[in-house]
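Engineer: Fold the following, please.
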Amino acid sequence: MNTVNFTIMNETPNKNITLDDLAGMVKGGFDEVNGRLDKLETRFTTLERGQEDIILKLDNVAYRFELVALEKRVKELEEKVGIKSAKAAA
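Structural biologist: I've put the predicted structure just below:
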């Protein structure tokens, strides 16, 4: 069994650690990072769904400039037909 000598923070210097111990530590670190990435992926998925919901809602919204143009066209039609504007009556 091969051993590696190195100092671990807050521990006695030159502690003998086997390559298996070191491999276990590295695996533990990767497992922790993998878990954190899984949580981030879940959060990003939630954000993407929220954005899709917002986009769907905005697709059904009339923009202000469209409403102004439509109001102008309706007013012109009402004037031509001789109808009082519903907006003026309100």
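Engineer: which residues of this structure fall in helices?
Structural biologist: 19-59, 64-81, 86-89 (DSSP state H).
Engineer: And the most centrally placed residue in the chain, how close does it get to Glu32?
Structural biologist: Central residue of the chain (Cα atoms, centre = their mean): Leu47, 3.1 Å from the mean position. Noted for Leu47: a distance of 23 Å to Glu32, by Cβ to Cβ, to the nearest Å. For glycine as for every other residue, the C-beta is placed from the backbone atoms N, C-alpha and C.
Engineer: re earlier: got CSV for the helices of the chain, with mean pLDDT too?
Structural biologist: CSV is the format used below for the helices of the chain (pLDDT from 0 to 100):
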stretch, mean pLDDT
helix 19-59, 94
helix 64-81, 92
helix 86-89, 66
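Engineer: Give me the neighbour count for Tyr63.
Structural biologist: Tyr63 has 9 neighbours, counted by other Cβ atoms under 10 Å.
Engineer: I should have written Val61 there, sorry.
Structural biologist: Val61, neighbours per other Cβ under 10 Å, totals 8.
Engineer: ok, so what distance separates it from Ile54?
Structural biologist: 11 Å.
Engineer: Repeat that for Val74.
Structural biologist: 30 Å.
Engineer: the more surrounded of the two?
Structural biologist: Val74 (14 against 10).
Engineer: so what are the domain limits for this protein?
Structural biologist: Split into domains by automatic domain parsing, the chain comes to 1-59, 62-90.
Engineer: Relative to Glu48, how far out is Glu41?
Structural biologist: From Glu41 across to Glu48, the span is 10 Å (Cβ to Cβ).
Engineer: let me fix that: Glu76
Structural biologist: From Glu76 to Glu48 the distance is 44 Å (Cβ to Cβ).
Engineer: and what of Asp38?
Structural biologist: As judged by Cβ to Cβ, Asp38 and Glu48 stand 16 Å apart.
Engineer: repeat for Lys27
Structural biologist: From Lys27 across to Glu48, the span is 31 Å (Cβ to Cβ).
Engineer: likewise Lys80?
Structural biologist: 49 Å.
Engineer: neighbours of Glu78, just the number please.
Structural biologist: What Glu78 shows, counting by other Cβ under 10 Å, is a neighbour count of 15.
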